[in-house]
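Colleague: how would this look folded up:
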Amino acid sequence: MSEIAVAVIVLALALLAGAFWLRGRTGLPWAPLIADDTAAGRTLDRPLYSKRYGLTGKPDYLIARRGAWIPVEVKPGRQADQPYESDLLQLAAYCLLVEEHTNNPPPYGILRYAEHSFRLNYTDALRDEVIAILDEMRGLLDAEDAARSHDERRRCAGCGFATQCDESLV
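Modeller: A predicted model of the protein is given here:
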C-alpha cells in the first residue's frame, strides 16, 4: 500500500473519531433526526400546533426512538446541575404537542444544558399538570390585573409592560 493511501486512511479514521467524540459531547442519543429547529438546520417548516390546547411550539430537535418522536430542547448557555422548572415545563409542553400531532405520546423528552442532559419522563400526571398550567395561564390573561411574579430587576427591564406597570422594579 502506498504512503498516500495510508495517510488518507489515517486521516479518515481521525475524522471519524473526532465525529464520534463531538457527537458524544452533545449528550444526545444516536437516533434518526426528524426535525431540526436550530440555526444550522431549520427543517421543521411549521411549528407543532394544538387547537385543543391553544398551544404552538417548535422544539430544537425531534428524534425518532422506537417508533416515537422525542422532543429535545437545548439550552447551551445554561450552567446548572439541576434543570430549571420552567425548562422542564417547556419540554413537557413540547411532549404534549408531539402527542397531539402524532396521536402517540412520547415516553420522554430530553433537556440539554451546556454540561448536562436531563431526561423528563412524560407521564399522565405530567400531561395533566401541563394542561392545568395552560388553563391557569389563560385565566390570568383574562384577568384585569396581574401581580408581578418575581423580584428580578433584569426581568422587569426586558418586559414590554415595564413603563405601564405599577409594580415595575426598574
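Colleague: Now for residue 150: which residues touch it?
Modeller: Neighbour list for residue 150: residue 156 [criterion: C-beta atoms under 8 Å, 6 or more residues apart in numbering]. To be clear about C-beta, it is placed using only N, CA and C from the backbone, and glycine gets the same treatment.
Colleague: does it count as helix, strand or coil?
Modeller: coil (DSSP: H, G, I helix; E, B strand; the rest coil).
Colleague: Mind pulling up the pLDDT for it?
Modeller: If you check residue 150, the pLDDT there is 79.
Colleague: Next, find the distance separating it from residue 139.
Modeller: Going from residue 150 to residue 139 by C-beta to C-beta, to the nearest Å gives 19 Å.
Colleague: cool, residue 152 as well?
Modeller: In terms of C-beta to C-beta, residue 152 sits 24 Å off from residue 139.
Colleague: element containing the residue sitting nearest the centre point of the chain?
Modeller: For the chain, the residue sitting closest to the mean C-alpha position, by C-alpha atoms, centre = their mean, is residue 73 at 1.9 Å. Per DSSP states H and E: residue 73 is located in strand 68-75.
Colleague: Next, the angle strand 68-75 makes with the helix or strand that that strand is followed by.
Modeller: Once the chain leaves strand 68-75, the next helix or strand it forms, by DSSP H and E, is helix 85-102. Counting by axes from the mean of the first three to the mean of the last three C-alpha atoms, to 10 degrees, helix 85-102 lies at 150 degrees to strand 68-75.
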